[in-house]
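1. got a predicted model here, sequence first, then my questions.
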Amino acid sequence: MIRMTNDTKPQDPTQRLVLVTGPSGAGRSTAINVLEDLGYEAIDNLPLSLIPRLLDGPARPTPLALGLDVRNRDFSVASVIELVDRLTRLPDYEPVLLFLDCATEQLLRRFNETRRRHPLRGEGAPLDAILAEREILAPLRARADVLVDTSDLSPHDLKAELARWFDTEPGRRLTVSVQSFSYKRGAPRGVDMMFDCRFLANPHWEPALRPLDGRDGPVQDYVARDPRFAEFFDRVRDLVLFALPAHLEEGKAHLVIGFGCTGGQHRSVTMAEKMADALAKAGWQVSIRHRELERRDKAPAPADEGLATASRPVTASMHG
């Protein structure tokens, strides 16, 4: 979930300041790194008492991103709210409070998987610490200018979401993300254009092809032999190539194209692979991601519902 108004573009003389907070394990450190990649001067875990000194003087030429953590020795919700209110009243600053949230059960799973100790955990269970921190931060969540729920977001997804709102040069380019997914697990977040591939011939019913996926030549050949494939691919490619320049003219910086099928292993992966290649050849900057293959190739975990573990790793790749 993301909530933000679109009328927060800073004027040139103002100092843009993004205050990043949220429960431990929700992705604050990742967000700080993403903002730094986007051109922000990023500082994590800065004590609140030092922020006024940091901001003293003329506006910096680059925007600031400050990570606020409950572990800071002088952290308090009241002090953060007071700081935001004070900066909001000053014409030289444009503060934005970014709150990264996450479902309690997902936070608990992340701490169990990484074996990290929760910063508020004493002698009690991790869940007690998570709930206590959530209660402490509730007023900041309510005051957030931008609210991002990272429960189902990978670092790749989080980077794309933050870039939509905080890119320091919006409209300078258009990056295209082509993704495959399974409809059984629901459509991915933030998809701008979505296409259903479930009408195409399904390699799943071929025993020799079932263990493979849409990155493999035999699977792609099987899907492409469907008499409907060529026209479907050509129509979608032409539509996307028609729409991309218009999105660029409108100042859009990121566009996500999704291809879905039943299991997210064969047909949607084939379409995503071939579409990413076609768009890259047409000169667009393209990344590709296969959500279900990433799930499948993770270390076995109960949440993966018994999906087979493949032998090769899957990472988001770049084309162009």
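-> Thanks, I have it.
2. can you list the domains in this structure?
-> 15-166, 175-297 (the TED database).
3. least confident of those domains, on average?
-> Here the lowest mean pLDDT among those goes to domain 15-166, at a mean of 84.
4. which residues in the stretch 1-150 of the chain form strands?
-> Ranges of strands in the stretch 1-150 of the chain, per DSSP state E, counting those that start in this stretch, are 15-21, 41-44, 64-67, 93-101, 146-149.
5. quick one, longest helix in this protein?
-> When the chain is parsed with DSSP state H, its longest helix is helix 229-249.
6. quick one, helices of the stretch 51-200 of the chain?
-> Counting by DSSP state H, counting those that start in this stretch, the stretch 51-200 of the chain has helices at residues 51-55, 77-89, 104-114, 126-143, 155-166.
7. and the third one, what other elements does it pack with?
-> Right, helix 104-114. Using 3 or more Cβ pairs under 8 Å, 6 or more residues apart in numbering; DSSP states H and E, the elements in contact with helix 104-114 are helix 126-143. C-betas here are computed from N, CA, C, even on glycine.
8. tell me which other helices or strands the helix it packs on touches.
-> helix 77-89, strand 93-101, helix 104-114.
9. looking at these, which is buried most?
-> Across those, averaging neighbours per residue (mean count of other Cβ atoms under 10 Å) puts strand 93-101 on top, at a mean of 22.
10. contacts for that one, please.
-> 1, 8, 10-11, 14-23, 26-28, 31, 55, 80, 83-84, 87-88, 137, 140-141, 143-151 (Cβ atoms under 8 Å, 6 or more residues apart in numbering).
11. just the buried members of the residues you listed?
-> Neighbour-count burial (16 or more other Cβ atoms under 10 Å) applied to the contacts of strand 93-101 gives 14-23, 26-28, 31, 55, 80, 83-84, 87, 137, 140-141, 144-150.
12. would you turn the strands of the stretch 1-150 of the chain into a markdown table with distance to residue 245?
-> As requested, the strands of the stretch 1-150 of the chain are exported to a markdown table (distance: least, Cβ to Cβ, whole Å):
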| stretch | distance to residue 245 |
| --- | --- |
| strand 15-21 | 29 |
| strand 41-44 | 33 |
| strand 64-67 | 32 |
| strand 93-101 | 30 |
| strand 146-149 | 29 |
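13. nearest to residue 261 among the ones you listed would be which one?
-> Comparing the strands of the stretch 1-150 of the chain by their distance to residue 261 (Cβ to Cβ), the top pick is strand 146-149, with 26.1 Å.
14. tell me the strands beside that closest one, with direction?
-> strand 93-101 (parallel) (DSSP bridges).
15. for the strand it pairs with, the distance to its chain's centre please.
-> Remark: strand 93-101 is offset 17 Å from the chain centroid, using Cα atoms, centre = their mean, to the nearest Å.
16. what angle separates it from helix 155-166?
-> Calculated by axes from the mean of the first three to the mean of the last three Cα atoms, to 10 degrees, strand 93-101 forms an angle of 150 degrees with helix 155-166.
17. in a markdown table, list the helices of the stretch 51-200 of the chain along with distance to residue 236.
-> Shown next, in a markdown table, are the helices of the stretch 51-200 of the chain (distance: least, Cβ to Cβ, whole Å):
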| stretch | distance to residue 236 |
| --- | --- |
| helix 51-55 | 49 |
| helix 77-89 | 45 |
| helix 104-114 | 34 |
| helix 126-143 | 40 |
| helix 155-166 | 21 |
